[in-house]
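Visitor: The amino acid sequence is not available; the structure is as follows:
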Ligand SMILES: O=C(O)CCC(=O)C(=O)O
Ligand SMILES: [Fe+2]
């Protein structure tokens with residue numbers, strides 16, 4: 001039987017911030033996933049970004065390969081990544097393009113070929129970054145901290161914020177002895193991720209229960225919302241109060257485009273158990289770690305570089 005997960009939808013414009021924060025807390029403890037609505041990024045802009053993204057991925061491979069990923073920015077071709085290192089498949093059936101942080105973007109598609117690309121991405125990047133920052137003030141409230149916790153601690157002075165354009169082609173790449181997924185099972189590495197797609201299904205989460213077979217539940221697209229999920233660094237920061245949930249993208253025979261925005265602290269920021277998340281009976285489970293070192297290691301394990 002197909003299982004569809006009913007996740008809460010949080011209204012970012014609600015004046016009743018303490019009840020939204022409460023709802024967010026429950027969602028992060030139970031699922032590590034939720035939706036946000038009234039996030040301040042116009043639907044029209046999301047459509048434009050998806051459109052520009054599809055124009056880029058429709059270019060000939062040789063054109064895209066000129067922008068091959070360097071220093072974590074640029075193009076990654078089909079099957080070049082495997083998010084689940086234990087998977088024996090040849091790689092995930094997706095291609096992607098990493099953008100950000102904008103000030104050190106080292107390559108963009110040619111303006112002659114895609115004239116509106118850069119301005120569209122710039123505008124979306126700035127708006128989703130503000131949405132993410134506003135969301136983090138609710139996360140702070142949800143953790144019984146001052147709502148400006150992530151700013152006053154300096155975590156967001158120069159955030160490591162990366163927009164990833166994703167394209168899952170429609171073809172059936174698997175064979176009888178090999179299952180190919182769009183994105184194999186993984187949890188995100190960082191603080192929080194905001195995600196929006198062109199509405200084609202495929203995203204699933206697994207609320208793992210030990211000693212039981214894995215159960216995958218669909219997370220459907222809801223118009224006007226972003227899907228938000230907690231990453232491993234936030235799980236560590238909250239002493240595992242908030243969960244970073246396993247998820248994947250399965251192929252469903254239709255072309256899927258999505259935009260994932262990974263919002264993480266400054267490289268130099270030291271992530272250390274939040275005070276409201278530990279006490280004598282529940283001491284910190286992880287030593288402090290520099291955010292940049294943590295992310296670098298996780299990327300090394302995925303890409304080997
Ligand atoms: O494309 C999606 O819906 C999910 C992508 C994802 O989970 C990721 O890139 O981390
Ligand atoms: Fe993910």
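Guide: Happy to help now that I have it. Given the structure is predicted, the values throughout are model-derived calculations rather than measurements. Ligands and ions are numbered 1, 2, ... in the order given.
Visitor: Spell out which parts of the stretch 51-200 of the chain neighbour ligand 1.
Guide: For the stretch 51-200 of the chain, the contact set with ligand 1 under CB under 6 Å from any ligand atom comprises 164, 166, 183, 188, 195, 197. All C-beta spots, glycine's among them, are computed from the backbone N, C-alpha and C.
Visitor: mind running it again at 8 Å?
Guide: 83, 94, 96, 164, 166, 168, 182-183, 186, 188, 193, 195, 197 (CB under 8 Å from any ligand atom).
Visitor: Residue 55 is in contact with residue 117, correct?
Guide: Yes: counting by CB atoms under 8 Å, residue 55 is a contact partner of residue 117 at 7.4 Å.
Visitor: Minimum distance to ligand 1, which residue of the stretch 101-250 of the chain gives it?
Guide: Nearest residue of the stretch 101-250 of the chain to ligand 1, counting by CB to the nearest ligand atom: residue 203, 4.3 Å away.
Visitor: who's in contact with residue 173?
Guide: Contact analysis of residue 173 by CB atoms under 8 Å, 6 or more residues apart in numbering lists 93, 180, 251.
Visitor: Got the confidence number for it?
Guide: Here the pLDDT value assigned to residue 173 is 75.
Visitor: number of nearby residues for the residue nearest to residue 276 when sequence neighbours are not counted?
Guide: With sequence-adjacent residues excluded and distances taken as CB to CB, 6 or more residues apart in numbering, residue 276 is closest to residue 144, at 4.5 Å. By the criterion of other CB atoms under 10 Å, residue 144 has 13 neighbours.
Visitor: got it, and residue 44?
Guide: Residues contacting residue 44 under the criterion other CB under 10 Å number 8.
Visitor: what about it, which SS state?
Guide: helix (DSSP: H, G, I helix; E, B strand; the rest coil).
Visitor: Ok, residue 135 next?
Guide: Of the three states, residue 135 takes helix under three-state DSSP.
Visitor: In this structure, which residue sits nearest ligand 1?
Guide: Nearest residue of the chain to ligand 1, counting by CB to the nearest ligand atom: residue 258, 3.5 Å away.
Visitor: How about the contacts made by the nearest residue to residue 199 once chain neighbours are set aside?
Guide: Nearest residue to residue 199 in three dimensions, chain neighbours excluded: residue 221, at 4.6 Å (CB to CB, 6+ apart). Residue 221 is in contact with 196-201, 203, 227, counting by CB under 8 Å, 6+ apart.
Visitor: Whether stretch 284-303 contacts ligand 1 - can you check?
Guide: No: residues of stretch 284-303 contacting ligand 1 under CB under 8 Å from any ligand atom: none, with a closest distance of 10.2 Å.
Visitor: average model confidence for that stretch?
Guide: Per-residue pLDDT values over stretch 284-303 give a mean of 90.
Visitor: ok, which stretches of the stretch 101-250 of the chain are helices?
Guide: Counting by DSSP state H, counting those that start in this stretch, the stretch 101-250 of the chain has helices at residues 117-142, 149-152, 232-237.
Visitor: Count the residues that sit near the closest residue to residue 148 other than its chain neighbours.
Guide: Counting by CB to CB, 6+ apart, residue 148 lies nearest to residue 137, which is 6.7 Å off, once chain neighbours are set aside. Neighbourhood size, residue 137 [other CB under 10 Å]: 19.
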